[in-house]
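[1] Show me the folded form of this:
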Amino acid sequence: MKKSFNLYLVLVAFLTFAFTQSCVESDDLVTPNVGSPVLVLLEGSSFPATSSVTVGSKFLELDKTNIVDYTKGIDSIPVPNLSIAVFINNTNEVAKLVTDSDGSAPLVVSWADLGLPDAKSGSSVRLEFAGTYKNVAFRKYHTVRVN
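    Residues are numbered from 1 along each chain as shown. Below you'll find the predicted structure:
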């Protein structure tokens with residue numbers, strides 16, 4: 001009887017310890033989440049192996065001052081003179097772009113520039129458009145495929 005009581009006591013102590021340790025809050029586990037300062041619109045995702053890759057990009061700032069007035073809504077304001085770097089594989093920069101007065105900056109590169117000298121149907125490359133606007137860094141991913 002005494003052995004079973006000691007066993008129950010150890011079991012209750014272990015369960016109490018397990019539950020109290022699993023519910024500990026810690027601030028160092030929290031990562032900050034910052035929204036992108038610009039809206040990035042990308043067009044073009046599938047291209048023939050014999051042609052160049054042409055991705056249209058447009059960068060807009062969203063003015064939300066009239067968000068509660070349904071007659072006005074949110075304005076999309078083009079972001080001119082914004083420097084954009086285009087990467088593949090997170091670190092290989094393939095192009096530098098600057099937006100025009102409409103906030104547009106088309107990317108025109110060859111498949112070889114994207115690391116596919118022998119582009120075959122079904123191959124794909126993930127592009128990363130990165131920049132900084134109002135001291136906030138942003139990054140937009142886009143995949144292009146060979147027809």
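[2] for Tyr133, what are its contacts?
    Listed by C-beta atoms under 8 Å, 6 or more residues apart in numbering, the contact partners of Tyr133 are Pro37, Val38, Phe59, Glu61, Val79, Leu82. All C-beta spots, glycine's among them, are computed from the backbone N, C-alpha and C.
[3] Would you format these as JSON lines with secondary structure included?
    Formatted as JSON lines, the contacts of Tyr133 follow (DSSP: H, G, I helix; E, B strand; the rest coil):
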{"residue": "Pro37", "secondary structure": "coil"}
{"residue": "Val38", "secondary structure": "coil"}
{"residue": "Phe59", "secondary structure": "strand"}
{"residue": "Glu61", "secondary structure": "strand"}
{"residue": "Val79", "secondary structure": "coil"}
{"residue": "Leu82", "secondary structure": "coil"}
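[4] What ranges does this structure have for its strands?
    39-43, 46-47, 53-63, 75-78, 83-88, 92-98, 107-109, 124-133, 136-146 (DSSP state E).
[5] Measure how buried Val94 is and give me the count.
    Counted with other C-beta atoms under 10 Å, residues neighbouring Val94 total 19.
[6] Next, find the distance separating it from Glu43.
    Distance of Val94 to Glu43, given as C-beta to C-beta, to the nearest Å: 18 Å.
[7] ok, and what's touching stretch 111-128?
    Against stretch 111-128 from outside (C-beta under 8 Å, 6+ apart): 49, 52-53, 55, 86-90, 92, 94-95, 107, 139-147.
[8] List the buried residues of it.
    For stretch 111-128, burial by neighbour count (16 or more other C-beta atoms under 10 Å) applies to Trp111, Asp113, Leu114, Leu116, Ala119, Val125, Leu127, Glu128.
[9] Ends of it, what's the gap?
    This stretch, stretch 111-128, spans 15 Å end to end (C-alpha to C-alpha, to the nearest Å).
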